[in-house]
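*Asks:* Could you work out the structure for the sequence below:
(one chain, ligands or ions: 1)
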Amino acid sequence: MTRRPFIGGNWKMNTDLASGAALAQALATESADRSAPLDVVVFPPFPYLQSVGRLLSASAIALGAQDLSSEANGALTGEVSAEMLTDLGVTWVLVGHSERRHRLGESDALVAEKLAMALESGLSVVLCVGETLEQRKSGCAHEVVAKQLESALQRLSADFAREIVIAYEPVWAIGTGVAATADDAREAHQEIRAVATSRYDSKLASGIRIVYGGSLVPGNARTIFAEPGVDGGLVGGASLKAGDFLSICSAATIGITAG
Ligand code: PGA
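*Replies:* Next up is the predicted model:
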């Protein structure tokens with residue numbers, strides 16, 4: 001099955017109002033071509049969503065948020081609802097990023113609630129999963145990723161499941177400069193697709209986009225994207241430089257083979 005490549009740029013807690021706008025402007029200028037055969041989304045910090053969204057509005061790049069509340073509204077100081085995000089023109093959201101799971105204590109259960117809230121509110125979701133270095137060293141990487149995924153998919157209908165993008169992001173590769181090898185990425189993606197197959201069926205699972213994240217840079221993107229079953233990437237550090245991010249986007253249009 002042919003899956004449309006996907007590239008996300010996760011700015012994390014970086015940029016300021018001026019530098020975020022400059023980055024968005026540079027991306028918009030270079031990405032006016034709406035016919036490019038891939039989905040590109042940037043995920044700026046909450047306070048800059050509106051200004052970045054305006055700058056990207058004439059481009060082919062969609063606007064994403066890095067998180068959302070699992071609740072619709074109410075007395076939840078500091079939280080941001082799905083409706084607030086859609087109000088700002090946000091169409092995508094990250095759910096379950098490892099920094100939220102491991103540094104901010106988000107449980108599998110909370111991730112599942114956020115996933116449901118986002119999808120029911122009409123947002124498209126990148127669901128992030130991945131194992132830590134310790135888990136990998138102790139040989140349970142596959143079990144950890146499978147459990148994260150099963151918990152997220154447990155109550156998800158087939159109609160919602162076929163819409164999500166899953167990001168395999170091994171925690172040890174995020175921000176470390178040590179990306180997974182192409183073989184590691186291919187194997188993990190196969191395992192993720194197998195979990196989706198057993199939860200739903202192979203037809204549905206073969207349509208789900210699974211992207212790789214963790215120290216993606218222009219120098220390794222093509223090799224990783226050439227692996228069958230790798231449908232693009234979620235880019236952190238390299239998404240803060242317009243040239244690097246766009247060159248990773250080009251690698252995705254050239255290098256991706258469905259499998
Ligand atoms: P990185 O981050 O590209 O800086 O490793 C990826 C991510 O956290 O999504």
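
*Asks:* mind listing the helices for the stretch 101-250 of the chain?
*Replies:* Assigned by DSSP state H, counting those that start in this stretch, the stretch 101-250 of the chain shows helices spanning 108-120, 133-137, 141-153, 158-161, 182-199, 202-207, 218-225, 242-255.

*Asks:* Report the mean per-residue pLDDT for the fourth one.
*Replies:* Over the span of helix 158-161, the pLDDT mean works out to 97.

*Asks:* Please tell me how far that helix is from the chain's geometric centre.
*Replies:* Helix 158-161 sits 17 Å away from the centroid of its parent chain (CA atoms, centre = their mean, to the nearest Å).

*Asks:* hmm, who's touching that helix?
*Replies:* Contact with helix 158-161 is made by 116, 119, 153, 196, 199, 200, 204, 208, as judged by CB atoms under 8 Å, 6 or more residues apart in numbering. Every residue, glycine included, has its C-beta placed from N, CA and C.

*Asks:* can we see that at 6 Å?
*Replies:* Outside helix 158-161, the residues within contact range by CB atoms under 6 Å, 6 or more residues apart in numbering are 119, 200, 204.

*Asks:* Any chance of a PyMOL selection covering the buried ones in the residues you listed?
*Replies:* A single PyMOL command is used to select the members of the contacts of helix 158-161 judged buried by 16 or more other CB atoms under 10 Å:
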select buried, resi 119+200
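
*Asks:* ok, back up a step: which one, of the helices of the stretch 101-250 of the chain, ends up nearest to residue 232?
*Replies:* Each of these was scored for nearness to residue 232 using CB to CB, and the closest is helix 242-255 (4.9 Å).

*Asks:* helices or strands up against the closest one?
*Replies:* Secondary-structure packing of helix 242-255 (3 or more CB pairs under 6 Å, 6 or more residues apart in numbering; DSSP states H and E): strand 6-10, helix 17-30, helix 218-225.

*Asks:* Report whether it contacts the ligand.
*Replies:* No. Judged by CB under 6 Å from any ligand atom, helix 242-255 stays clear of the ligand, getting no closer than 9.5 Å.

*Asks:* for the ligand, what are the nearby residues on the chain?
*Replies:* Applying CB under 6 Å from any ligand atom, we find that the chain lies next to the ligand at 10, 169, 174-175, 213-216, 234-238.

*Asks:* if we take these, which one ends up nearest to residue 93?
*Replies:* residue 10 (11.3 Å).

*Asks:* any idea how far residue 88 is from the closest one?
*Replies:* Distance, residue 10 to residue 88, using CB to CB, to the nearest Å: 17 Å.

*Asks:* and if you look at residue 104?
*Replies:* Remark: distance between residue 104 and residue 88 (CB to CB) = 22 Å.

*Asks:* higher neighbour count, those two?
*Replies:* With neighbours defined as other CB atoms under 10 Å, residue 104 and residue 88 compare such that residue 88 has more, 15 against 9.
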